[in-house]
Structure formats: C-alpha cells, structure tokens
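Chemist: Please work out how this folds:
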Amino acid sequence: MALFKKRTVGKPGEWYYCLKHHKVEEGPECPAKDRFGPYTSRQEAEHAMQTAQERNLEWETDPRWHDASKGEAGAGEDTNPPA
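Modeler: Here you go, the predicted structure:
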C-alpha cells in the first residue's frame, strides 16, 4: 500500500476524454495515462478521438516530418526539420 497516494485532482471547467472508459469527464477521474485533455468544453472533449485522428493524419502526410531515405541527403546535410 502506498503511503502517499496522489489523487487525480482537476479544476472545474476542465474536460477530459477517458480512453479506458470511452467517456467524457469533468476534471480528471482517471489516471493521466488513460485520458486526453484538458479541453475547454465538453463538446471539445467529446470529439477528442476525431481530433486525434485528424492530427495524426496531418502529421503522417506532412513532408517536413518524413526522413529522407538513405543516399538522398548530401554529406553533412541536416535532414531534420527546424524546431
């Protein structure tokens, strides 16, 4: 048994989407590893999975984030995108 168990405490008006229970929560009820958020509204949290899917697609299709295949970059050329 842990002597100092940290509670998952949230602020009123912060919304989360629980990946484990597939539900929207006001203030975190579940551990951080199982949720997306915080969001500013319930509606935003309800669309968390759709937002994540759109962002993943945007990331996967962004040419700035794909490494050049071997031999394409010149000697000493930096293939990583700027920060």
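Chemist: Next one: residue 54 from residue 60, what distance?
Modeler: Look at residue 54 and residue 60: by C-beta to C-beta, to the nearest Å, they are 11 Å apart. Using the backbone N, CA and C atoms, a C-beta is placed for each residue, glycine as well.
Chemist: Also residue 34?
Modeler: Distance, residue 34 to residue 60, by C-beta to C-beta: 24 Å.
Chemist: number of nearby residues for residue 49?
Modeler: Counted with other C-beta atoms under 10 Å, the neighbours of residue 49 add up to 12.
Chemist: Quick check, it in contact with residue 24.
Modeler: No. Look at residue 49 against residue 24 with C-beta atoms under 8 Å: they stay out of range, at 11.0 Å.
Chemist: any shared contact partners between those two?
Modeler: residue 17 (C-beta atoms under 8 Å, 6 or more residues apart in numbering).
Chemist: List the buried residues in the host helix or strand of residue 50.
Modeler: Using DSSP states H and E, residue 50 falls within helix 48-60. For helix 48-60, burial by neighbour count (16 or more other C-beta atoms under 10 Å) applies to residue 48.
Chemist: This completes my enquiry, with thanks.
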